[in-house]
Each structure stands twice: as structure tokens, then as C-alpha cells.
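Enquirer: Just need the structure, nothing else, for what follows:
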Amino acid sequence: MVSIEEANRIAHEAELDLVEVAPNSDPPVCRVMDFGKFIYERTKKEREARKAQTKIEVKEIRLRPKTNEHHRSLKLRDARRWLEEGMKVKVRIRFRGREITYPEIALEDLKAVAEELADLAVVEQAPALEGRTMLMVLAPGKQPKKKEPLKS
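Expert: Model (predicted):
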């Protein structure tokens, strides 16, 4: 244990700063260091950590209750590609006019979409009616197993 005056003298002789590291401990812990360099390195580490984070994108496919099978399969192909890339997919069925009186049609469509993509996605948010749309969110889940080449 060193007195504050002694610690200040040591830091001044070394041309460094006396930095309080743990003020709540008993006795408080101080360190002799270059404070500017310490702050610079800490911000550099934080910047690197932010770069390493993965941002999950949410893509959306929009359908209607009257969407035909061919058009739906094209949209599902895009959704499959996005899920394989690790993105979430929102599937939105939009009602126009009196279509809102038959939400069960949209519910069946969303269940069919979920079954179609069940091999690589899990339903994160179940189908729910929000205003004039029915919405479901799919998240990448199980990844398909890649076929290994046969050894002869």
C-alpha cells in the first residue's frame, strides 16, 4: 500500500498518469499508465467488437389471398434464399376490400408457406391479424444437411 503523494511522485517521475482503476474497493486501486493510450486502445477494441457483430436483416414477401400458386412459388424461392443467407423473413398477406371477412384463407396460406419452408426455418411469430394484413415471421433455424460425395 502506497500513499497518494508517493503514487503521484512515482507517476510524475515516469511521466505517466496515475489512474484510479477500482474506486469502490478498500483501499482504492490505482495504476500508473499513459491514460490517452489506454482510452485509444479501449475505443479501438470497442470498434472492432462492433464490426464483428452480425446484423440480422428482415426481408419481406407480400402476398394476397388470391395469389396464384406459381406466383407464390416464386416468392417462396426468394424467401428460401434469404433464409439460407441467415436473414429473417416476414410473410405478409394483405387484404383488400371484402377479403378481410375471410381471414381463414390467409391463415391456410401462411401455414402452407411455413410447411414449405419448415426444412430450414422456424416460425418466430405465429400468424396474427394486424389491421388489414395477416403477418408471420420466419427465422432461420435448422440448416439443411449437405450431401457428402460418395467415397469409392
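Enquirer: Tell me the helix or strand right after the longest strand belonging to the chain.
Expert: Ranked by residue count, the top strand of the chain under DSSP state E comes out as strand 121-130. Using DSSP states H and E, the helix or strand that follows strand 121-130 towards the C-terminus is strand 133-140.
Enquirer: mind listing what that next one pairs with, with the direction of each?
Expert: Partners of strand 133-140 in the sheet, by DSSP bridges, are strand 88-94 (antiparallel), strand 121-130 (antiparallel).
Enquirer: just those: most buried one?
Expert: strand 88-94 (a mean of 20; mean count of other C-beta atoms under 10 Å). All C-beta spots, glycine's among them, are computed from the backbone N, C-alpha and C.
Enquirer: Using CSV, write out every CA atom in that strand.
Expert: Provided in CSV are the C-alpha atoms of strand 88-94 (Å, rounded to 0.1, in the frame of the first residue of the first chain):
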residue,chain,number,x,y,z
LYS,A,88,-35.4,-13.4,-41.2
VAL,A,89,-38.4,-13.4,-43.5
LYS,A,90,-41.7,-11.6,-42.9
VAL,A,91,-44.6,-13.1,-44.8
ARG,A,92,-47.5,-10.6,-45.1
ILE,A,93,-50.9,-11.3,-46.6
ARG,A,94,-52.7,-8.1,-47.5
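Enquirer: can you list contacts of that strand?
Expert: 56-65, 79, 82-83, 106, 109-110, 113, 117, 121, 124, 132-140 (C-beta atoms under 8 Å, 6 or more residues apart in numbering).
Enquirer: OK, contacts around the residue nearest the centre of the chain?
Expert: For the chain, residue 56 is the residue whose C-alpha lies nearest the centre (C-alpha atoms, centre = their mean; 3.7 Å). Neighbour list for residue 56: 86-88 [criterion: C-beta under 8 Å, 6+ apart].
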